[in-house]
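*Asks:* Starting from these lines, generate the structure:
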Amino acid sequence: MAKRMPPPSRPPSSLLPLIGLAERSILTRLVLTGCVAATANLISLISLSAELNGWMRGEVLDTPFLVFCLSLLVSYAFSKRFVALTLTTAFSALAEVRRRFLRHVTLGGHADILDLQAKRSFDLGNHHLERIAALLPNLSIAANMMLVASVAYLYLWTLSTVGATLLLVAAVLVGGWYVREAQRTRALLGDAKVSELRMLQGFSELVGGNAEVKLGKARRDELTQAVEADVARWEELKRRHGRNLGELFSWIATIIIGFSAVFVFIFPRMGAMSVAELPLVTSVILFLARPLSKFLNAVPDYVAAEDAAAQLTALLATMPALEYEPSRTARAPRRFSSIELRGVSFAYRAGLRPEPFVIGPVDLTIPAGSVVGIVGSNGSGKSTLLRVIPLLFRPDEGQVLLDGQPVETDRLEAYRDLFCAVFQDHHLFTRLPQGPGFDAELFREMLAYLKIDHLVPDTGDGLLNRDLSKGQRRRVALAVAVAEGRPVVILDEWTSDQDAEFRTRFANEIIGKLRALGRTVIFVSHDGDVSSVCDVTIQMTNGRMTNGRMDMPAATAASHPDMGSVPEPAMACLQETA
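*Replies:* All right, here's what the predicted structure looks like:
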């Protein structure tokens, strides 16, 4: 019988490594700085007690005052340094986490990024980062106060061993209870967060489907009742959390005052402390009260920060691997002969499907300057193929070749730079590209050609008007894509949100315009037979090419006479492979 593997051990802290405070050098500097600040604080307290008890009076009258002033300045300088070092180190580490997110988003696999986006993982990651950043100032001050309390406690031990021992035992017992209560509070916060997420999802559906909700009473009542139940649950958990916090904080004050009373009322009567020692010991106890109170109040914050750090660390472990290291010298060739897909297959993750959706194997050759049309029913794999061609989706099997050479990882960045695309879920950026490859005059020309220039004024700073309909946004996106000057234009259902005029113009004029500009065009369409404007027409059915043929429109033959000399196998779309 196979032995069960023990579960992986959990690190003692997820927060400290995440914020860069687990390094020995940083910890050593923090401890030394904090101890100096704590010792200076204690010396200032002793000097105050010395003045109250009349020590050194008659010898050097101003010694306690001078010591107090000097120790106060040292305490200020080193406490400031402790908090500043903690926060600057932590915030730099959190900034590095954001840079890791940036690298994973820009250089990670596109399919993995879409999967994370669907799970709202990046939103959750930023939420956890903000939680930790908001809690850090209070935690850094609490850590400084804890060092102050530690030094004061050591001094108390020299004054009253019995009292210090009693205080230590009580602190362990009360601290254990306090931590357990703080964990209960953490569990309540976790449950409240689950209810809050469900509640926000319900609100999102009510807002996003507001028209449907208003037209259907049954659906409206169902969603409203679900959201109301989540609101009630969230309220109940938050109220319990509030009561627990109130109990915790009241216990802190009671315990501190109770221990002070033990030292003042009981120890002198037991003979454990002389009356002469009482003012100094009481001063130390009262001095301990503030840092202990600050530290205990910060325990729930620390628990919350640890929880956020654990979730953020787990999220970072799921980030997609980098596909390649970016290169400053990688540049796509502006001229190429052909792009070839050879035995290419790609499988989506199953998600809610009973099994993964697979396209391929696909064998396809796309000559430079040609027009490739992809047609098929909904869900047949047309849009997926559009993302496989530029290697946004990396094939599970097969190869993509540029001019007969396989596109390996070291050529991936340059290869992708051949393409510009307007996908169905295209994102229109707030600003125009500012690089030297962007042709601003061609952009304005294309806007006028697409009859959208009156809605996109030239602001001089590259800002774009995005307050447009879906069809208008697609026209602006096409103008931007053309002006970027890349040799291959990908259009995914570009006509789906256009009116009748632009549906007609797309096949009759716009494809010809792009061809005249020397672009290779790959598009998906539902608008009937598009073979009349295509050099290559692909029929997709359930992820497979059920028909692929090379057509030669008269306009194409006239404008590209050299295409007739290309061998037929290099021009034609090959049949489905077994």
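
*Asks:* ok, then the element right after the biggest helix by length in the chain?
*Replies:* Longest helix in the chain, counting residues (DSSP state H): helix 161-208. Downstream of helix 161-208, the first helix or strand assigned by DSSP states H and E is helix 210-215.

*Asks:* So what touches that following helix?
*Replies:* L206, R219, R220, L223 (C-beta atoms under 8 Å, 6 or more residues apart in numbering). For every residue, glycine as well, the C-beta is placed using N, CA and C.

*Asks:* Which positions in it come out as buried?
*Replies:* The neighbour-count check on helix 210-215 (16 or more other C-beta atoms under 10 Å) flags V213 as buried.

*Asks:* next one: stretch 218-231
*Replies:* Buried-residue list, stretch 218-231, by 16+ other C-beta under 10 Å: R220, L223, A226, V227, D230, V231.

*Asks:* just checking, what packs against the helix or strand the second one falls within?
*Replies:* What it means is L223. Here L223, judged by DSSP H and E, is contained in helix 217-261. Counting contacts by 3 or more C-beta pairs under 8 Å, 6 or more residues apart in numbering; DSSP states H and E, helix 217-261 packs against helix 161-208, helix 210-215, helix 278-317.

*Asks:* ok, so what distance separates L154 from V162?
*Replies:* 15 Å (C-beta to C-beta, to the nearest Å).

*Asks:* actually L432, sorry about that
*Replies:* 77 Å.

*Asks:* who's more crowded, those two?
*Replies:* L432 (21 against 11; other C-beta atoms under 10 Å).

*Asks:* Just to check, the more buried one is in contact with L442?
*Replies:* No. With contact defined as C-beta atoms under 8 Å, L432 does not count as touching L442 (11.8 Å).

*Asks:* How many neighbouring residues does the residue lying closest to L517 once chain neighbours are set aside have?
*Replies:* Nearest residue to L517 in three dimensions, chain neighbours excluded: V482, at 6.7 Å (C-beta to C-beta, 6 or more residues apart in numbering). Using other C-beta under 10 Å, the number of residues around V482 comes to 23.

*Asks:* In contact with V482: list those residues for me.
*Replies:* Counting by C-beta under 8 Å, 6+ apart, V482 touches C420, L442, F443, M446, V489, L514, L517, R519.

*Asks:* buried stuff in stretch 538-545?
*Replies:* I538, Q539, M540, G543, R544, M545.

*Asks:* what helix or strand is the first one on?
*Replies:* Okay, so that is I538. Applying DSSP H and E, one finds I538 within strand 536-541.

*Asks:* Per-residue pLDDT of the residue nearest the centre of the chain, please?
*Replies:* Centroid-nearest residue in the chain: F122, 3.1 Å away (criterion: C-alpha atoms, centre = their mean). Looking at F122, its pLDDT is 73.

*Asks:* list the buried ones in the host helix or strand of it?
*Replies:* Using DSSP H and E, F122 sits within helix 121-159. For helix 121-159, a neighbour-count test (16+ other C-beta under 10 Å) marks 121-122, 124-125, 128-129, 131-133, 135-136, 139-149, 151-153, 155-156 as buried.

*Asks:* What is the subsequent helix or strand relative to the strand or helix carrying the residue nearest to L517?
*Replies:* According to DSSP H and E, V482 maps onto helix 470-483. Per DSSP H and E, helix 470-483 leads on to strand 488-492 as the next helix or strand towards the C-terminus.

*Asks:* what does that next one contact?
*Replies:* Contacts of strand 488-492 (C-beta under 8 Å, 6+ apart): 339, 382-383, 386, 389-390, 418-424, 426, 478, 481-482, 514, 519-524.

*Asks:* Among those, which ones are in helices?
*Replies:* Using DSSP H, the contacts of strand 488-492 in helices are K382, S383, L386, L478, A481, V482, L514.

*Asks:* neighbours of the residue nearest to the second one when sequence neighbours are not counted, just the number please.
*Replies:* Nearest non-adjacent residue to S383, counting by C-beta to C-beta, 6+ apart: D492, 5.4 Å away. Per other C-beta under 10 Å, the neighbour tally for D492 reads 21.

*Asks:* Tell me the confidence at D492?
*Replies:* pLDDT at D492 comes out at 92.

*Asks:* And L248, by the same measure?
*Replies:* In this prediction L248 is given a pLDDT of 69.

*Asks:* And the strands in the stretch 451-578 of the chain?
*Replies:* Taking DSSP state E, counting those that start in this stretch to define them, one finds strands in the stretch 451-578 of the chain at 488-492, 520-524, 536-541, 544-550.

*Asks:* Turn the ones you listed into a markdown table, including distance to D499.
*Replies:* Shown next, in a markdown table, are these (distance: least, C-beta to C-beta, whole Å):
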| stretch | distance to D499 |
| --- | --- |
| strand 488-492 | 17 |
| strand 520-524 | 18 |
| strand 536-541 | 25 |
| strand 544-550 | 30 |
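
*Asks:* By mean pLDDT, show me the worst of those strands.
*Replies:* strand 544-550 - the lowest mean pLDDT of these, at a mean of 68.

*Asks:* From the recorded domain assignment, give the ranges for the chain.
*Replies:* The chain breaks down into these domains under automatic domain parsing: 12-158+304-322, 161-272, 338-418+486-571.

*Asks:* Output those domains in a markdown table; the columns should cover distance to I452.
*Replies:* Listed next are the domains of the chain as a markdown table, based on distance: least, C-beta to C-beta, whole Å:
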| stretch | distance to I452 |
| --- | --- |
| domain 12-158+304-322 | 28 |
| domain 161-272 | 27 |
| domain 338-418+486-571 | 10 |
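
*Asks:* Least reliable of those by average pLDDT, please.
*Replies:* domain 161-272 (a mean of 75).

*Asks:* which one of the contacts of V482 is nearest Y302?
*Replies:* For these, the closest approach to Y302 (C-beta to C-beta) belongs to C420, at 49.3 Å.

*Asks:* Can you tell me the closest non-neighbouring residue to the closest one?
*Replies:* Closest to C420 by C-beta to C-beta, 6+ apart is A481, at 4.0 Å.

*Asks:* The one you found: neighbour count?
*Replies:* 22.

*Asks:* What pLDDT does the model give it?
*Replies:* Per the predicted model, pLDDT is 92 at A481.

*Asks:* So it versus P433, what's the distance?
*Replies:* Distance from A481 to P433, by C-beta to C-beta: 10 Å.

*Asks:* rewinding a little: tell me which residues in the helix holding V482 are buried?
*Replies:* Result for helix 470-483 [16+ other C-beta under 10 Å]: buried residues 471-483.

*Asks:* L341: which element?
*Replies:* Residue-wise, L341 maps onto strand 338-347 under DSSP H and E.

*Asks:* What is the helix or strand just after that strand packed up against?
*Replies:* Counting by DSSP H and E, the next helix or strand C-terminal to strand 338-347 is strand 358-367. Packing contacts for strand 358-367, counted by 3+ C-beta pairs under 8 Å, 6+ apart, involve strand 338-347, helix 382-388, strand 397-402, strand 520-524, strand 536-541, strand 544-550, helix 568-571.
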